[in-house]
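**Student:** coords below, sequence missing:
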């Protein structure tokens, strides 16, 4: 299965923080979190896109709580079976291990991508606008250049998935590509994603570049895709790279993608790792936060990522519910999902969230390196033979 249910590894140093008091007040925290998110998603500078002659609606985040699974035995068993099969298979001689792959992480390349994505010329990447369309096309070109393919198993015959944006009459597009498994059928589908939209330009002309939120996640997805595709090794499970639009306007992109996975019958074969705000403010003593939505079907996936962090000597803090990310929509359809961010705590390490100061020069690069290494180690454990 993709992720182990049992492990002989020592307890993770942060694991004791998980769920010691969360369950008795879970409902209260969830309601508070939803109220905060609802307030944070009231009309913001994102509506600065020219609105003459059109009605602009800011869609608030409305989680589909009735679809949140309490426990899905089939998904958990599938994940466990896949990882056990991988672990039992001897690694062929000559294959690179996680250390060799992680050594290929190129910070200079990532920062160059980040600088392009979070430049004023991108106009804040508001979903459904020409500037975001430009970014989407650039991302497709990157995927094609890596030799990645359309995700045909889910019914996509191209790299873009269009859907209605929050701007009436305008569409937004998810960017989706796959590193296909070397076997048929694939052992499963490991989905690695981030959102590439942000909140646009203020009425005063201030550009909200969103370097941390979430260009930082996008560049780690791109770097992971580059390293795995250039390795020349075919995974046992297909690895899907998805860059969502319209996260900022109500998780619309991830909902459209998750719905398509459900219609294609891939829910029980999939797992999702979301990368969100990996650029804590410069100078932060970074560590990785893992949000598993406090849901049992995500536990095996979380265990794999925690083990990957130990292997790479990168501390991971195991937390509970983060209802404002794309992982929420994936989980709502029954897909095991977690979110990784850097040093979130109470937000103090991300002081420029949704502000014009969310720029490249304010980001601590170490978080980008750490996240890329953890994703590579996790992907190796899940989709390839365990090193």
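**Tutor:** Great, that's in hand. Just so we're clear, the structure is a prediction, and the values are computed from it rather than from any experiment.

**Student:** which sections of the stretch 251-387 of the chain are below the confidence cut-off?
**Tutor:** Counting by pLDDT under 70, the stretch 251-387 of the chain shows low-confidence ranges at 293, 323, 345-347, 385-387.

**Student:** which residue ranges form the strands in it?
**Tutor:** 270-275, 288-291, 316-319, 337-342 (DSSP state E, counting those that start in this stretch).

**Student:** what angle separates the first one from strand 337-342?
**Tutor:** Same thing as strand 270-275. Counting by axes from the mean of the first three to the mean of the last three C-alpha atoms, to 10 degrees, strand 270-275 points 20 degrees away from the direction of strand 337-342.

**Student:** Return the distance of strand 270-275 from the chain's centre.
**Tutor:** The chain centre lies 6 Å from the centre of strand 270-275; the measure is C-alpha atoms, centre = their mean, to the nearest Å.

**Student:** Put together JSON lines for the strands of the stretch 251-387 of the chain, with mean neighbour count and distance to residue 148 on each row.
**Tutor:** Glycine gets a C-beta too; all of them are placed from N, C-alpha and C. Listed next are the strands of the stretch 251-387 of the chain as JSON lines, based on neighbours: other C-beta atoms under 10 Å; distance: least, C-beta to C-beta, whole Å:
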{"stretch": "strand 270-275", "mean neighbour count": "29", "distance to residue 148": "17"}
{"stretch": "strand 288-291", "mean neighbour count": "25", "distance to residue 148": "25"}
{"stretch": "strand 316-319", "mean neighbour count": "23", "distance to residue 148": "28"}
{"stretch": "strand 337-342", "mean neighbour count": "29", "distance to residue 148": "21"}
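
**Student:** So which of these is nearest residue 180?
**Tutor:** Comparing the strands of the stretch 251-387 of the chain by their distance to residue 180 (C-beta to C-beta), the top pick is strand 270-275, with 14.4 Å.

**Student:** The closest one packs against which elements?
**Tutor:** strand 189-195, helix 216-230, helix 299-311, helix 326-332, strand 337-342, helix 365-383 (3 or more C-beta pairs under 8 Å, 6 or more residues apart in numbering; DSSP states H and E).

**Student:** will you turn the ones you listed into CSV that also has distance to residue 355?
**Tutor:** Output for these, formatted as CSV (distance: least, C-beta to C-beta, whole Å):
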stretch, distance to residue 355
strand 189-195, 18
helix 216-230, 15
helix 299-311, 30
helix 326-332, 21
strand 337-342, 17
helix 365-383, 18
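
**Student:** now for these, which one comes closest to residue 268?
**Tutor:** With C-beta to C-beta as the measure, strand 189-195 is the member of the helices and strands packed on strand 270-275 nearest residue 268 (10.2 Å).

**Student:** Mind listing the strands that closest one pairs with, and their directions?
**Tutor:** Here strand 189-195 has these sheet partners by DSSP bridges: strand 238-244 (parallel), strand 270-275 (parallel).

**Student:** quick one on the thing from earlier: mind putting the strands of the stretch 251-387 of the chain in JSON lines, distance to residue 373 included?
**Tutor:** Output for these, formatted as JSON lines (distance: least, C-beta to C-beta, whole Å):
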{"stretch": "strand 270-275", "distance to residue 373": "13"}
{"stretch": "strand 288-291", "distance to residue 373": "10"}
{"stretch": "strand 316-319", "distance to residue 373": "12"}
{"stretch": "strand 337-342", "distance to residue 373": "11"}
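
**Student:** Pull up the gap between residue 264 and residue 152, please.
**Tutor:** Separation of residue 264 from residue 152 (C-beta to C-beta, to the nearest Å): 10 Å.

**Student:** Compare neighbour counts for the two and give me the winner.
**Tutor:** Per other C-beta atoms under 10 Å, whichever of residue 264 and residue 152 has more neighbours is residue 264, with 16 against 12.

**Student:** give me every residue that touches the spatially closest residue to the more buried one that is not a sequence neighbour.
**Tutor:** Nearest residue to residue 264, sequence neighbours excluded (C-beta to C-beta, 6 or more residues apart in numbering): residue 154, at 4.5 Å. Residues near residue 154 by C-beta atoms under 8 Å, 6 or more residues apart in numbering: 176, 240, 260-261, 264, 266.

**Student:** Could you point out which of these is nearest to residue 169?
**Tutor:** residue 260 (22.4 Å).

**Student:** how close does the closest one get to residue 342?
**Tutor:** Counting by C-beta to C-beta - residue 260 and residue 342 are separated by 30 Å.

**Student:** So residue 277 sits against residue 220, correct?
**Tutor:** No. Using C-beta atoms under 8 Å, residue 277 is not in contact with residue 220, being 11.1 Å away.

**Student:** okay, these two: which has more neighbours?
**Tutor:** Remark: of residue 277 and residue 220, residue 220 carries more neighbours, 31 against 28, as counted by other C-beta under 10 Å.

**Student:** Was I right to think that one contacts residue 275?
**Tutor:** Yes. Using C-beta under 8 Å, residue 220 is in contact with residue 275, at 5.3 Å.

**Student:** Check the contact lists of the two and give me the overlap.
**Tutor:** Residues touching both residue 220 and residue 275 (C-beta under 8 Å, 6+ apart) are 194, 371, 375.

**Student:** just checking, residue 136 touches residue 176?
**Tutor:** No. Look at residue 136 against residue 176 with C-beta under 8 Å: they stay out of range, at 10.8 Å.

**Student:** any common contacting residues for the two?
**Tutor:** In terms of C-beta under 8 Å, 6+ apart, residue 136 and residue 176 are both contacted by the residues 160, 243.

**Student:** Identify whichever of the helices and strands packed on strand 270-275 lies nearest to residue 121.
**Tutor:** Ranking the helices and strands packed on strand 270-275 by proximity to residue 121 (C-beta to C-beta) places helix 216-230 first, at 16.1 Å.
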